[in-house]
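Trainee: model this:
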Amino acid sequence: MVSDDRLAETATVLRSIPGIGPVASGTPIAEMPEIGTITGEEAAALKGLAPVAHDSGTLRRKRATAGGRRALRHVMFQAALVAAHHNPSLKSFADR
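Mentor: Below is the predicted model:
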């Protein structure tokens with residue numbers, strides 16, 4: 001069982017990220033019980049944010065995000081939009 005203190009600490013860390021609000025910090029905690037025990041790459045794959053290769057033999061196709069946990073992916077996408085709108089360095093990156 002996870003303690004309330006650990007959940008509160010995780011929520012505080014998530015809320016410190018620009019663009020992450022109460023919903024965007026609570027959703028990963030609720031939808032990803034693995035949070036804090038997996039790598040960033042594994043977390044991106046679970047969220048459906050990691051580019052997935054659709055290659056076969058010599059055929060190389062475009063990578064696309066797919067799979068993962070749909071509700072979590074949608075919340076993270078909205079948080080990224082907010083962050084790109086309000087954070088100047090992310091805004092310039094998103095505009096490219």
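
Trainee: surely residue 28 meets residue 14?
Mentor: Yes - using CB atoms under 8 Å, residue 28 and residue 14 qualify as a contacting pair, with a distance of 6.6 Å. Heads up, the C-betas are built off the backbone N, CA and C, glycines and all.

Trainee: what helix or strand is residue 84 on?
Mentor: Here residue 84, judged by DSSP states H and E, is contained in helix 70-86.

Trainee: any idea how far the helix or strand following that helix is from the chain center?
Mentor: Remark: after helix 70-86, the chain's next helix or strand is helix 88-95, criterion DSSP H and E. Remark: helix 88-95 is offset 18 Å from the chain centroid, using CA atoms, centre = their mean, to the nearest Å.

Trainee: just want the angle from helix 88-95 to helix 70-86.
Mentor: Going by axes from the mean of the first three to the mean of the last three CA atoms, to 10 degrees, helix 88-95 is angled at 110 degrees with respect to helix 70-86.

Trainee: list the buried ones in helix 88-95?
Mentor: residue 90 (16 or more other CB atoms under 10 Å).

Trainee: try stretch 39-58
Mentor: Within stretch 39-58, the residues that count as buried by 16+ other CB under 10 Å are 43-50.
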